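Novice: The sequence and its predicted three-dimensional model are supplied below.
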Amino acid sequence: MNNKNLLNLIDITVSFEGFLALNKLNLNLNKGELRAVIGPNGAGKTTFLDVITGKVKPTKGEVIFKGKSLIGRNEHKIARLGVGRKFQSPRIFENLTVKENLEISVTTPKSPLNLINKNIKDEQLDEIERLMKIVNLSQKVNLKAGSLSHGQKQWLEIAMLVGQKPDLMLVDEPVAGLTDEETDLTADLLKSLSGENTVVVIDHDMEFIRRLDSNVSVLNQGTVLCEGTMETIQKDKKVIDVYLGRPED
Amino acid sequence: MSQSKIKFDKKIVLSFWIILIALIIAAPTILPVFRLNLLGRYLSLSIVALGVDLIWGYTGLLSLGQGIFFALGGYCAAMYLQITSSSEFPNNIPEFFALYGVEKLPFFWEPFRSPAFTFFAIWIIPALVAGLIGFLVFRNRIKGVYFSILTQASLLVFFNFFNGQQKLINGTNGLKTDVTQLFGQMVGSESMQRIFFWVTAILVIGAWFFAKWVVKGRFGNILIGIRDDEPRVRFTGYNPVIFKTIIFSIAGGLAGISGALYTVQSGIVSPQFMTVPFSIEMVIWVAVGGRGTLLGAIMGAVFINYAKSLVSEALPASWMFIQGGLFILVVTALPEGVLGWIQGDGPRNLLQRFGLKRKIETYPSLEINNEAKK
Ligand SMILES: Nc1ncnc2c1ncn2[C@@H]1O[C@H](COP(=O)(O)OP(=O)(O)OP(=O)(O)O)[C@@H](O)[C@H]1O
Ligand SMILES: [Mg+2]
């Protein structure tokens, strides 16, 4: 383990009443890395994020983030340590406005006392402005988030993720339901975030993954099947097998 | 949000204020004391309703046990009044103790000799009990229907406990306050009741402003976030347990104040405050008035109870049917409650449906159309 290391998952096993959603999964991430994770439906990609963020407790194994174990910590504590997450289907607060959604994400400290008797800090307001520009929502500041289009919701959630300033961003299928143009913009946005941030992107969309131009981990049946650049994994026999047919074998 | 809607909201709020202040000023002179006293009672109930709106309308916690905190506030007030008015009774303790042969005042009555202690106890004790129950429940991530069942079960525990404690708090009979003294006057007297009416009216307005302050801004947004998607709030780094405990505790404190005011105006506190139907009624007031509107909770509590007294006088025994019908009607036809329906442009839509009003292109609809054209 070197000091560039940010996250280690060691032999993670998750059993849902005997069904192994994750099976001795090992994965390491360095600081500043952009990593794509792909795999067929049910491969365990979302469960893998659930384990890191504390939603699911692994049956076996260890998660080390910035040198600390995450096992047994509550979700909000893990989030405060610097793990942010975007969900597979957009999960924003539909009854709040775009701005209020972003306020929730950029606010620190996240204690009731701070929220009730202090106004939001100026630099946090600036940050909200900046985020709304990045994701093209400046015109929608005071609209209810529920009235946004699907793509805008996806982007609002990405903006919320960035606003949280996490060291590790976990992004689950950010381009599901987006137009091609939006997909390209999203890929560029995520790429621009890496370097400073560490980003894990899960997706099915091969074009999108290719555009990310990053290392790829292929998940299948709860384990990492293979890891490498897009070119390497496309030539890998095992990957071709699970992706291009005979998944039932 | 459109300009027209903001103006519309302001109009509602303004007219509400005018009506309210006119009522408060005029009520003691135009209403016979009997009616005034009823109105005062219903206004005090609107404070517990505000608490229900905070926890249910904003935070999504459907408590069916608010009667616990309501009764606790009532008991605190009644204990103070009884203990300070007991000098002519044997052993200088409240009269009822003699019935059960109790000669020494139970220890927990002692602090209620102090008006200062009582003043704080009325809201702090219910708030602490609510906070404790809430913390244990929320920490174990009990929510939804399980939370509702649990609060109702707690209500039954308290109800049965209070019913059984003759030697401590007069059990089923409760504690009477109307013949006790406060500031040298009889609590049940007309002049005292008039004062209680004023105090209640002022406290309702105070409680309303307080509730508005709680839900405005980021704190209130987190409550709404918890209601709509609690896990999302967690993953953003907030601890919902703390937020829910705080708001449940606030609702408990409001219930306590409400119960104390209700007690001194109805002349008695008894375990009847902790019956299952009464706590459910509190929820009905808010549902009918409009969840998440605060004002709707106040209006729901006052109007439904006033209607209840009028109907019960005219057609005894039919109120339960009417109330049940009202609830079903609201849940099915106006799920946002009356005020929620008005604020959501309900009346205009209704007029349009009957062709009484032409459709107007308002800001939001223009916006939606543009969106669609793109
Ligand atoms: N709470 C749960 N209880 C039981 N089984 C579960 C649970 N969560 C997930 N699973 C199962 O675990 C497996 C992995 O699920 P997961 O959601 O991680 O897949 P995924 O790779 O994200 O798939 P997709 O591409 O469809 O999003 C699936 O077979 C799923 O049915
Ligand atoms: Mg998934």
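Specialist: That came in fine, so what should we check first? Ligands and ions are numbered 1, 2, ... in the order given.
Novice: For the rest of this, base every contact and every neighbour count on C-alpha atoms.
Specialist: Noted.
Novice: what's downstream of the helix or strand hosting B:S309, the next helix or strand?
Specialist: According to DSSP states H and E, B:S309 maps onto helix B:295-314. Per DSSP H and E, the first helix or strand lying C-terminal to helix B:295-314 is helix B:319-333.
Novice: what's the next secondary structure element after that next one?
Specialist: Next in line after helix B:319-333, if elements are assigned by DSSP H and E, sits helix B:337-343.
Novice: Does that following helix reach chain A?
Specialist: No. Shown here: helix B:337-343 not in contact with chain A (CA under 8 Å from any CA of the partner chain), separated by at least 14.1 Å.
Novice: Could you export that helix as CSV, CA atoms only?
Specialist: What follows is helix B:337-343, C-alpha atoms only, in CSV (Å, rounded to 0.1, in the frame of the first residue of the first chain):
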residue,chain,number,x,y,z
GLY,B,337,-56.1,19.3,2.2
VAL,B,338,-58.3,22.4,1.8
LEU,B,339,-55.5,24.9,2.0
GLY,B,340,-53.2,22.8,-0.1
TRP,B,341,-56.0,22.7,-2.7
ILE,B,342,-56.5,26.4,-2.7
GLN,B,343,-52.8,27.1,-3.0
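Novice: Mind giving me the packing neighbours of it?
Specialist: Judged by 3 or more CA pairs under 8 Å, 6 or more residues apart in numbering or on different chains; DSSP states H and E, helix B:337-343 is in contact with helix B:3-30, helix B:276-289, helix B:295-314, helix B:319-333.
Novice: The shortest one vs helix B:295-314, what angle?
Specialist: Compare the direction of helix B:276-289 with that of helix B:295-314 by axes from the mean of the first three to the mean of the last three CA atoms, to 10 degrees and you get 120 degrees.
Novice: Would you mind confirming that B:V330 makes contact with B:V286?
Specialist: No. Look at B:V330 against B:V286 with CA atoms under 8 Å: they stay out of range, at 10.8 Å.
Novice: Which residues of chain A lie near chain B?
Specialist: By the rule CA under 8 Å from any CA, the part of chain A lying against chain B is A:53, A:75-80, A:84-85, A:91-93, A:95-96, A:100, A:103-105, A:110-112, A:115-116, A:142-143, A:164.
Novice: Which ones among the residues you listed lie within helices?
Specialist: Mapping the residues of chain A next to chain B onto helices (DSSP state H) picks out A:53, A:75-80, A:100, A:103-105, A:112, A:115-116.
Novice: just for chain A, where's the confidence low?
Specialist: A:1-3, A:244-249 (pLDDT under 70).
Novice: So which bits of it are right by ligand 1?
Specialist: A:F16, A:A21, A:P40, A:N41, A:G42, A:A43, A:G44, A:K45, A:T46, A:T47 (CA under 6 Å from any ligand atom).
Novice: what's the most distant pair in those residues?
Specialist: Maximum pairwise distance in the residues of chain A next to ligand 1, criterion CA to CA, is 18.6 Å, between A:F16 and A:P40.
Novice: Between those two, point out the one with more neighbours.
Specialist: A:P40 (16 against 11; other CA atoms under 10 Å in any protein chain shown).
Novice: isn't there a strand covering the more buried one?
Specialist: No. A:P40: not assigned to a strand; according to DSSP: H, G, I helix; E, B strand; the rest coil it is coil.
Novice: who are the neighbours in contact with it?
Specialist: If a contact means CA atoms under 8 Å, 6 or more residues apart in numbering or on different chains, then A:P40 has A:H204, A:L219, A:N220, A:V242, A:Y243 as its contacts.
Novice: got it, and A:N114?
Specialist: Contacts for A:N114 (CA under 8 Å, 6+ apart) come out as none.
Novice: same deal with B:K10?
Specialist: Counted by CA under 8 Å, 6+ apart, B:K10 has zero contacts.
Novice: Just the pLDDT for it.
Specialist: With respect to pLDDT, B:K10 scores 80.
Novice: That one and ligand 1: what is the separation?
Specialist: Counting by CA to the nearest ligand atom, to the nearest Å, the gap from B:K10 to ligand 1 is 47 Å.
Novice: B:F34 now?
Specialist: Counting by CA to the nearest ligand atom - B:F34 and ligand 1 are separated by 60 Å.
Novice: could you say which helix or strand contains that residue?
Specialist: Counting by DSSP H and E, B:F34 is part of helix B:33-52.
Novice: And that helix, how far out from the chain middle?
Specialist: Counting by CA atoms, centre = their mean, to the nearest Å, helix B:33-52 is centred 9 Å from the centre of its parent chain.
Novice: For it, buried residues please.
Specialist: Within helix B:33-52, the residues scored as buried using 16 or more other CA atoms under 10 Å in any protein chain shown are B:33, B:36-52.
Novice: can you narrow those residues to ones near chain A?
Specialist: Okay, of the buried residues of helix B:33-52, nothing touches chain A (CA under 8 Å from any CA).
Novice: the helices in the stretch 151-300 of chain B, which residues?
Specialist: Remark: helices assigned in the stretch 151-300 of chain B by DSSP state H, counting those that start in this stretch are B:166-169, B:190-215, B:217-235, B:240-266, B:276-289, B:295-314.
Novice: Comparing those helices, which comes out most buried?
Specialist: Among the helices of the stretch 151-300 of chain B, helix B:240-266 has the highest mean neighbour count (mean count of other CA atoms under 10 Å in any protein chain shown), at a mean of 27.
Novice: packing partners for that helix?
Specialist: Looks like helix B:240-266 contacts helix B:33-52, helix B:66-84, helix B:115-139, helix B:190-215, helix B:217-235 (3+ CA pairs under 8 Å, 6+ apart).
Novice: would you list these in JSON lines and tack on mean pLDDT?
Specialist: Listed next are the helices and strands packed on helix B:240-266 as JSON lines, based on pLDDT from 0 to 100:
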{"stretch": "helix B:33-52", "mean pLDDT": "93"}
{"stretch": "helix B:66-84", "mean pLDDT": "95"}
{"stretch": "helix B:115-139", "mean pLDDT": "96"}
{"stretch": "helix B:190-215", "mean pLDDT": "92"}
{"stretch": "helix B:217-235", "mean pLDDT": "95"}
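Novice: how about these in TSV, adding distance to A:L189?
Specialist: Shown next, in TSV, are the helices and strands packed on helix B:240-266 (distance: least, CA to CA, whole Å):
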stretch	distance to A:L189
helix B:33-52	44
helix B:66-84	49
helix B:115-139	38
helix B:190-215	35
helix B:217-235	22
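Novice: In strands, which of the contacts of A:P40 appear?
Specialist: Here DSSP state E is the test, and the contacts of A:P40 give A:L219, A:N220 as lying in strands.
Novice: Filter the contacts of A:P40 down to the buried ones and hand me the PyMOL line.
Specialist: Selection of buried members from the contacts of A:P40 for PyMOL, criterion 16+ other CA under 10 Å:
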select buried, chain A and resi 204+219+220+242+243
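Novice: and of the contacts of A:P40, the nearest to B:I247?
Specialist: A:H204 (42.2 Å).
Novice: surely that closest one meets A:I38?
Specialist: Yes. Between A:H204 and A:I38 there is a contact under CA under 8 Å: 6.0 Å.
Novice: Confirm that A:E62 lies within a strand, as I assumed.
Specialist: Yes. The assignment for A:E62 by three-state DSSP puts it in a strand.
Novice: what about the closest residue to A:E196 other than its chain neighbours, how many neighbours?
Specialist: Nearest residue to A:E196, sequence neighbours excluded (CA to CA, 6 or more residues apart in numbering or on different chains): A:G32, at 5.5 Å. By other CA under 10 Å, 18 other residues sit near A:G32.
Novice: Next, A:G32: secondary structure please.
Specialist: A:G32 - assigned by three-state DSSP - is coil.
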